[in-house]
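Visitor: Pasted the sequence and its predicted model underneath.
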Amino acid sequence: MITDISTLLLNKPIILAPMDGYTNIPFRLIIKEMNPDLMFTEFVNSDAVINENKKTLSKIRILNEERPVAIQIFGHRPENMAIAAKIIEEIGPELIDINFGCPAPKVSGHGSGSALLKDLPLVSKICESVVNAVKTPVSAKTRLGWDNSNINILQTAKIFEESGIKFMTLHPRTKVQKFNGKSDWNYIKKVKEQISIPLIGNGDICSPEDALNMFLQTNCDGIMIGREAVKNPWIFKQIKDFLRTGSYTKEIPFDERKRLCLKHFDLSMEYLGEVKGLLEMRKLYQNYFKAIPNLKSFKQKVFCCSNPPEIRDLILNFEDNSE
């Protein structure tokens, strides 16, 4: 277990972002193969943690082979966030992260996530409550502000710094933007110039070239990848190869795509069960086999089948007819 989070931040870490419905154990074990420096579980509601909700607790189960792993919590009551952090500390993550950035209605619509950026004194109270409640390092992830008329990221960053947050992650869009338009990396650069704690850049890193450009343009201490990791699990390895050697494998061979898809399928069956595992995999086939001409026919077959061994055979026998 990492006792000094600065150890992680020495070599410009590449981090898997917390994503609800995606960063479960099967997906994390797939990404682990690509050598990320840190991975997040799905983010969880602090109140659900306190109430020992089974579904919530299953989201933050950690296997030793995954480590280092971080758990992100959201909520808007400082005392509950502190209690939840204590409970989570018993699970043993290397890091506890506070969600100040999620724009989803089920989070921000209830006063949590990016909605907190409208109340910076409350942001401060939450940070202080969580930091003081646990010995595990605490970080925070945030956005620029609520909307373009209320960009308060510099004030938010100062609050993080003063409250004992070990490092922060910035997705440089507003809450109102959600994931529309382009993230403004200039703000990552501005924040980095004005704070002393490490800063992780996040947003629109879709290739190894993007990763290098973010480092060069912003001087950030590390990068976090979310949506692109779902589309391309190999991106962590590609980025590390590119930063180290200046080149990387751009086109993932079909056999490799099939191998990883099969592994993901088997892990989903093992850790999620047949029903949920099959539903989860339906979201992912297209990412493993994108640009394959006969993908549509393959998807129709697997979507019409509910027998795991039969589906596994369909994946195993799937061929690229463009070759």
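Guide: Arrived safely, thanks for sending. Numbering: from 1, shown residues only.

Visitor: Helices along the stretch 51-200 of the chain, start to end?
Guide: All helices of the stretch 51-200 of the chain, identified by DSSP state H, counting those that start in this stretch, fall at 54-59, 78-91, 105-108, 120-133, 153-163, 185-194.

Visitor: and those helices, which one is worst for confidence?
Guide: Among these, helix 105-108 has the lowest mean pLDDT, at a mean of 88.

Visitor: what comes into contact with that helix?
Guide: F74, N99, C102, G113, S114, A115, K175 (CB atoms under 8 Å, 6 or more residues apart in numbering). Heads up, the C-betas are built off the backbone N, CA and C, glycines and all.

Visitor: Output stretch 106-114 as PDB, nothing but the C-alphas.
Guide: What follows is stretch 106-114, C-alpha atoms only, in PDB (Å, rounded to 0.1, in the frame of the first residue of the first chain):
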ATOM      1  CA  LYS A 106     -28.200  11.600 -10.500                       C
ATOM      2  CA  VAL A 107     -25.200  13.200  -8.800                       C
ATOM      3  CA  SER A 108     -25.300  17.000  -9.400                       C
ATOM      4  CA  GLY A 109     -29.100  17.000  -9.400                       C
ATOM      5  CA  HIS A 110     -29.000  16.100  -5.700                       C
ATOM      6  CA  GLY A 111     -26.400  18.800  -4.700                       C
ATOM      7  CA  SER A 112     -23.300  16.700  -5.100                       C
ATOM      8  CA  GLY A 113     -20.500  16.400  -7.700                       C
ATOM      9  CA  SER A 114     -20.200  19.600  -9.800                       C
END
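
Visitor: Start at 12, not 1
Guide: Sure thing, new numbering starts at 12, so read that last one as stretch 117-125.

Visitor: Flag every buried residue along it.
Guide: Of the residues in stretch 117-125, those buried by neighbour count under the rule 16 or more other CB atoms under 10 Å are V118, S119, S123, G124, S125.

Visitor: Now for the contacts of helix 116-119, which sits with the most neighbours around it?
Guide: Per-residue neighbour counts (other CB atoms under 10 Å) across those peak at F85, which has 33 neighbours.

Visitor: How about the contacts made by it?
Guide: F54, V55, N56, S57, I109, N110, C113, V118, S123, G124.

Visitor: and with 10 Å instead?
Guide: Contacts for F85 (CB atoms under 10 Å, 6 or more residues apart in numbering) come out as 29, 31, 54-59, 92, 95, 108-113, 115, 117-119, 121-127, 137, 152.

Visitor: Same check on D108?
Guide: Neighbouring residues of D108 by CB under 10 Å, 6+ apart: 29, 51-52, 54, 81-85, 141, 148-152, 176-180.

Visitor: Please tell me how far it sits from S125.
Guide: Distance, D108 to S125, using CB to CB, to the nearest Å: 14 Å.

Visitor: Serialize the contacts of helix 116-119 to JSON lines and add fields for distance to A240 and pLDDT.
Guide: Output for those, formatted as JSON lines (distance: CB to CB, whole Å; pLDDT from 0 to 100):
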{"residue": "F85", "distance to A240": "20", "pLDDT": "96"}
{"residue": "N110", "distance to A240": "18", "pLDDT": "97"}
{"residue": "C113", "distance to A240": "17", "pLDDT": "88"}
{"residue": "G124", "distance to A240": "20", "pLDDT": "91"}
{"residue": "S125", "distance to A240": "21", "pLDDT": "92"}
{"residue": "A126", "distance to A240": "26", "pLDDT": "93"}
{"residue": "K186", "distance to A240": "22", "pLDDT": "90"}
